[in-house]
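Peer 1: show me the folded form of this:
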Amino acid sequence: MAALSVALVLLGVFFYSVYRTLWYGIGEWGLNKTVGWAWDITNFVWWVGIGHAGTLISAVLLLFRQKWRTSINRAAEAMTIFAVICAAMFPVLHMGRPWLAYWVFPFQNTFGSLWVNFNSPLLWDVFAISTYFTVSLVFWYTGLVPDFATIRDRAKGPIAKVAYSLLSMGWKGSAKHWSRYETVSLILAGVSTPLVLSVHTIVSMDFATSVVPGWHTTIFPPYFVAGAIFSGFAMVLTLMLITRVVFKLEDYITIEHIALMNKIMMVTGSIVGVAYITEFFIAWYSQVEFEQYAFINRATGPYWWAYWSMMTCNVITPQLVWIRRVRYSIPLTFILSIIVNIGMWFERFVIIVTSLHRDYLPSSWVMFSPTIIDIGIYVGTIGLFFTLFLLFAKFFPVINMAEVKSVLKYTVDNGPTYTGHDPHHAPTTHQPSTHGVPASAPVNYDKHD
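Peer 2: Prediction:
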C-alpha cells in the first residue's frame, strides 16, 4: 500500500503534466527551433528498451528450452506491456493534436486522399510497436489462463469467482487443453522472437535514416537492440528483487536466477561498450569533420557530464559482475540494476540532444533545458508503470504457477529427492535439504567443490 500510494502520487503528477501539455500545447516543453526532439523521444526510446526483456525471457528462452525462465517470465511479460504503454504516450503527446492520433493508421477515410507516408521511420514505429504490444499481450494472457483457472477453483467471493471464471475461458486442464496451450505458446514464441530484433531496430532507424551527424550510422540497429536487452534485464532485476522480498518468493526466484540475469546484463553491457568505441573509431576513420565534431562535442562539449555519466553507468559499472561476490549479492545487484537504467536514459539523451543542439550553422547553436512539465511527464510515466505493475501483482499471479509446477523435481516428504519418495523403499540419493526449491532454479556452475 505504501508503494502504491507513492505510485499514485506520481500518476497524479503525470495527469497534471499531460493536462498542461494538451491545454497549452508542447510549448510547455523545453523544445526549441534547433532541438525539436528531446525528453519526449529520449523517454520513448528508454521505455521501449525496457519492454524488450519480457519478450526475450518469454519467447527466446522458451524456444531454447531454458527452464530457469519459468520463475521470472510472468513478471517480465507484464513489465513489457506496461513499458510499451508508457512509451506510446510520448509520440502521441508530441503530435500536438493527440485526438487525431488515429491518422497514423492507413484506414479508408472520407477526408480525401489522406494517406500516411510509408517512407517515414516514424510510421514504421507505429506498425512495429503496435504489433509488438499486441503479440506480447496475447502471449502474456495465454500464459495466465491455467493460473486463472487455479484461482477460479479456489476463489471464495462471488465477484472473484465470476471474474476469474471469465478470465480462465473455461479452462479444465484436460490433455487437449494442455496440448493446445503448448502449441499456441510455441507459435507465439516463434512470432515474438523476430520482434525482439525488429522493434528496436526500427526505433533506431528513426535516427539512422537521417543525415544528422552522430545519427547517420549503420551500427545503430544492433547497438540499440543490445542496449534494449541491457536496460530491460536491469529493470526486470529491479522489479524481481523487490517482488522476491515482498511476496516471500525466495524459493522460486533464487539467487541462481539473479546470477544468470546478471551474466546476460554483463554481456549486453559489453556489446554496448564496444558499440560506443566503434562509433568513435568510425567517426575518425570517415574523415568527415562534421561527424568527428559530433563525437568530440559529446565527450568535451557542454553536455560532457551526460556523456561521462553514460560511460560510467553502462560500460564501467557492469564489468563488476565479473566478480562472483557481486554477481551473487542481492543489494549490489539491486544498486547495479538502477545504475544501468540511469545510464541507459543518459545514453538516449546524449544521442538525441548533443547531436541536435549544435548543427551545421553555429548561428543556430542552442542549449536545451527541460521544463517542470518535461520532468513531470517523465516522472509521471514511472508512476503509471509502477501503478500498473503493483495492481498486476495484487490481482494476478506474479509467478507462472503452471510452468513452475511442470518443472518441479523435488518432493517435500522426508526431504527433497530427485527420484520421488517411495514409502516402501528408501530413496537412493538424498539431495541437500532445500525444502520446496523448484527445479526452475538453475544449477550453480560457479560453485567449487
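Peer 1: residue ranges with poor pLDDT in the stretch 201-350 of the chain?
Peer 2: Low-confidence segments of the stretch 201-350 of the chain (pLDDT under 70): none present.
Peer 1: could you find the closest non-adjacent residue to residue 368?
Peer 2: Nearest residue to residue 368 in three dimensions, chain neighbours excluded: residue 35, at 4.3 Å (CB to CB, 6 or more residues apart in numbering). In short, each C-beta sits where N, CA and C put it, glycine included.
Peer 1: can I assume that neighbour sits in a helix?
Peer 2: No: under DSSP: H, G, I helix; E, B strand; the rest coil, residue 35 sits outside any helix and is assigned coil.
Peer 1: ok, now which ones touch it?
Peer 2: Residues in contact with residue 35, defined by CB atoms under 8 Å, 6 or more residues apart in numbering, are 353, 356-357, 366, 368.
Peer 1: and the two most separated of these?
Peer 2: 353 and 366 (10.5 Å; CB to CB).
Peer 1: ok, the two, which is more surrounded?
Peer 2: residue 353 (21 against 14; other CB atoms under 10 Å).
Peer 1: now do the more buried one against residue 295, distance only.
Peer 2: Applying CB to CB, to the nearest Å, the value for residue 353 to residue 295 is 14 Å.
Peer 1: same question, residue 87
Peer 2: Distance of residue 87 to residue 295, given as CB to CB: 27 Å.
Peer 1: before we move on, what about residue 330?
Peer 2: The gap separating residue 330 from residue 295 is 38 Å, by CB to CB.
Peer 1: need phi/psi at the residue nearest to residue 368.
Peer 2: Main-chain dihedrals, residue 35, degrees, to the nearest 10: phi -100, psi 90.
Peer 1: can you start the count at 5 instead of 1 from here on
Peer 2: All right, first residue 5 from here; so that's residue 39.
Peer 1: quick one: pLDDT of the residue nearest to residue 119 when sequence neighbours are not counted?
Peer 2: Computed as CB to CB, 6+ apart, the closest residue to residue 119 that is not its neighbour in sequence is residue 110, at 6.2 Å. Reported pLDDT at residue 110 in the predicted model: 75.
Peer 1: tell me, how many residues neighbour residue 110?
Peer 2: The tally of other residues near residue 110 (other CB under 10 Å) stands at 13.
Peer 1: restricting to C-alpha, output the helix or strand containing residue 311 in CSV.
Peer 2: In this assignment (DSSP states H and E), residue 311 forms part of helix 308-315. The C-alpha coordinates for helix 308-315 follow below in CSV (Å, rounded to 0.1, in the frame of the first residue of the first chain):
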residue,chain,number,x,y,z
TRP,A,308,30.0,16.3,-21.2
TRP,A,309,28.5,15.4,-17.8
ALA,A,310,25.8,13.4,-19.5
TYR,A,311,28.3,11.5,-21.8
TRP,A,312,30.6,10.5,-18.9
SER,A,313,27.6,9.5,-16.8
MET,A,314,26.5,7.3,-19.6
MET,A,315,30.0,5.7,-20.0
